[in-house]
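# prediction below, plus the sequence it came from.
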Amino acid sequence: MRRPHRLDPAGGCPHADNARLLARGSVAPVELPGGIEGMAVLGHEALRAFLQHPDVAKNARHFTALHEGRIPEGWPLRTFATVPGMTTADGEDHRRLRSLVSSAFTPRRVEELRPRVEELTADLLDGLERAAEGGEDIADLRRHFALPLPMAVISELLGVDAGFRARLHQLSSQVVATDIGPAEAVAANRELLAVLAEIAAQKADRPGDDLTSALLAARDEEGGRLDGQELIGTLLLMIVAGHETTLNLITNAVRALCGHRGQLDLVRAGGASWADVVEETLRWDAPVSYFPFRYPVRDLTVDGTLVPAGTPVLAGYSAAGRDPAVHGPDADRFDVRRPARDGAVRHLSLGHGAHYCLGAPLARLEATVALERLFERFPGLDLALPEEELGRHASFVGNSVRALPVRLKP
């Protein structure tokens, strides 16, 4: 058995470690916070097979260490395992929960949001320019643009008032952090649940044409389509996944284009599309690096490696995106014209199988509009710091930087 790779709770850039692990195999034993033994599936083909394997579950009743009492309340990854909702449900429960929100994220319904996304983007670009006024025309693009765009879109879909949004982002960031202490983790989770309960209570009093009101109606109607815990868990998922992933995607795409000016010139000349930029960023620098959890319901052999039943398994999206076995010897090169190989999917960064990201069409819309309008408005935009000086996320789940200072140039 290979010695477990200790995942650094402080996060950092995953790609060097991923390359070393992939060189030894597509499945690796890992040590999670608190010394919990886990596994990570890193290779593209192994991960694609694992994500749709019929003997792999999402429900934490299959998590051996949890049921043996070895996972304390303040464990930083506990929410990923235990939050009630579609990300921890299997089979019919998963289909029931997903069906309650899926109609809001169809390609047609998402396309209807394009005018509003365009409007929000224009307003935020004005705000980004104001933030850079004076001095050296430097502003934090992550704070003033990449964050408020997806947060505004998902909040409007859910009917969440603007006054809640900053706090929801702060608490979401703590929930997905892997270096947070037990007391802080417990406090952040409790406060986030309390804020979501307050939002739900306000919507119950004043329902509107929004997704939260629709979920409340499903909770209250006869037949039990949604219980109270599932309602809050679904809101948590919608808010966290609905903005954190797109935030990282936009941030990583801007970093990639600023570091590869020839690729940016290619897009501007019409040699590739902004959609190509989004797909290549998803592959090359996935916004989620290691996503928790899945559990084999029996001992499984995955690409020659035994994964015991009940093991918490991470989906290694950032590693799979640079797997040379699928993407070739230049897998670590950012290339917006890179084709899918042999008819395979270009990447797995939005998942695969029954749990494929419900919000994928919305994330793609937001990112393509954001990038096109950003570089139209500021064609000379560049990083204000070298890439190596950008502070990283304090998490091995999210994959991005904490701030993105850019110099705005016309």
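Yes, it's here. Predicted model only: the values in this text are computed from it and were never measured.
# name the element Y295 belongs to?
strand 290-296 (DSSP states H and E).
# which strands and helices sit next to that strand?
Under the contact definition 3 or more Cβ pairs under 8 Å, 6 or more residues apart in numbering; DSSP states H and E, strand 290-296 sits against strand 56-57, helix 78-82, strand 313-316, helix 317-320. Bear in mind the C-beta positions are built from the backbone N, C-alpha and C, glycine included.
# confirm G38 sits in a strand?
Yes - checked against DSSP: H, G, I helix; E, B strand; the rest coil, G38 lies within a strand.
# so what's it up against?
Residues near G38 by Cβ atoms under 8 Å, 6 or more residues apart in numbering: P29, V30, E31, L32, F293, T311, P312, V313, L314.
# residues near the fifth one, how many?
Residue crowding around F293 was assessed by other Cβ atoms under 10 Å; the count is 23.
# give me the neighbour count for the spatially closest residue to it that is not a sequence neighbour.
Counting by Cβ to Cβ, 6 or more residues apart in numbering, F293 lies nearest to P312, which is 4.4 Å off, once chain neighbours are set aside. Neighbours of P312 under the rule other Cβ under 10 Å: 25.
# continuing past the strand holding Y295, what's the next helix or strand?
strand 300-302.
# mind listing what's buried along that following strand?
Neighbour-count burial for strand 300-302 flags L300, V302 (criterion: 16 or more other Cβ atoms under 10 Å).
# note down every partner strand of that strand and its orientation.
Strand 300-302 has its sheet partners listed here by DSSP bridges as strand 305-307 (antiparallel).
# about what we covered before: quick one: the strand holding Y295 to chain centroid distance?
On the basis of Cα atoms, centre = their mean, to the nearest Å, strand 290-296 sits 14 Å off its chain's mean C-alpha point.
# between the helices and strands packed on strand 290-296, which gets nearest to R20?
helix 317-320 (10.2 Å; Cβ to Cβ).
# same for the closest one, what does it pack against?
On a contact count with 3+ Cβ pairs under 8 Å, 6+ apart, helix 317-320 meets helix 15-22, helix 44-51, strand 290-296.
# using CSV, write out every CA atom in it.
This file holds the C-alpha atoms of helix 317-320, laid out as CSV (Å, rounded to 0.1, in the frame of the first residue of the first chain):
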residue,chain,number,x,y,z
TYR,A,317,-10.8,17.3,-10.7
SER,A,318,-7.7,19.4,-11.0
ALA,A,319,-5.5,16.3,-11.4
ALA,A,320,-7.8,14.7,-13.9
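# after it, next one along is what?
Following helix 317-320 in sequence order, the next helix or strand is helix 324-327 (DSSP H and E).
# any buried residues in the helix or strand bottoming out on mean pLDDT in the chain, and which?
Lowest on mean pLDDT, DSSP states H and E among the helices and strands of the chain sits helix 211-220, with a mean of 86. Neighbour-count burial for helix 211-220, with 16+ other Cβ under 10 Å as criterion, is recorded at L211, T212, S213, A214, L215, L216, A218, R219.
# what helices and strands are in contact with it?
Applying 3+ Cβ pairs under 8 Å, 6+ apart, one finds that helix 211-220 contacts helix 91-102, helix 148-158, helix 182-205, helix 228-259.
# any weak-confidence spans in this structure?
Scanning the chain for pLDDT under 70 picks out the ranges 1, 135, 222-224, 340-345, 410.
# pull the contacting residues for the most centrally placed residue in it.
With distances taken as Cα atoms, centre = their mean, T245 lies nearest the centre of the chain, 3.2 Å away. Counting by Cβ under 8 Å, 6+ apart, T245 makes contact with P287, V288, C357, G359, A363.
# what residues are up against the second one?
It stands for V288. By Cβ under 8 Å, 6+ apart, the contact set of V288 is T245, N248, Y317, S318, S349, V397, G398, N399.
# around the closest residue to the last one other than its chain neighbours, how many other residues sit close by?
Spelled out, it's N399. Distances taken as Cβ to Cβ, 6+ apart put S289 closest to N399, at 3.9 Å, once the chain neighbours are dropped. Per other Cβ under 10 Å, the neighbour tally for S289 reads 31.
# can you check the one 3 residues further on too?
Applying other Cβ under 10 Å, we find 20 other residues in the vicinity of P292.
# can you tell me how far the closest residue to it other than its chain neighbours sits from V110?
If the residues on either side of it in the chain are set aside, P292 comes closest to F80, at 4.1 Å by Cβ to Cβ, 6+ apart. Remark: distance between F80 and V110 (Cβ to Cβ, to the nearest Å) = 26 Å.
# do V153 as well
10 Å.
# more neighbours: which of those two?
Each of V153 and V110 has its neighbours counted (other Cβ under 10 Å); V153 has more, 24 against 20.
# for A275, which non-adjacent residue is spatially closest?
Nearest residue to A275 in three dimensions, chain neighbours excluded: T368, at 5.4 Å (Cβ to Cβ, 6+ apart).
# ends of stretch 8-15, how far apart?
By Cα to Cα, to the nearest Å, the extent of stretch 8-15 from end to end equals 13 Å.
# touching it from outside, list them.
In contact with stretch 8-15 (Cβ under 8 Å, 6+ apart) are residues 33, 76, 178-179, 289-290, 318-319, 322, 332, 392-396, 398-399.
# circling back to that earlier point, nearest to I232 among the contacts of T245?
G359 (18.4 Å).
# who touches the closest one in this structure?
Here G359 is in contact with F105, A241, G242, T245, T246 (Cβ under 8 Å, 6+ apart).
# now the third one, nearest residue through space, not along the chain?
Looking back up the chat, that one is G242. I154 (3.4 Å).
# quickly note the distance from the one you found to L365.
Distance from I154 to L365, counting by Cβ to Cβ: 12 Å.
# just P54 next, same as before
Counting by Cβ to Cβ, the separation of P54 from L365 is 32 Å.
# circling back to that earlier point, pipe the helices and strands packed on strand 290-296 into TSV and attach distance to R143 per row.
Output for the helices and strands packed on strand 290-296, formatted as TSV (distance: least, Cβ to Cβ, whole Å):
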stretch	distance to R143
strand 56-57	38
helix 78-82	24
strand 313-316	28
helix 317-320	23
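# ok, which of those comes nearest D17?
helix 317-320 (8.6 Å).
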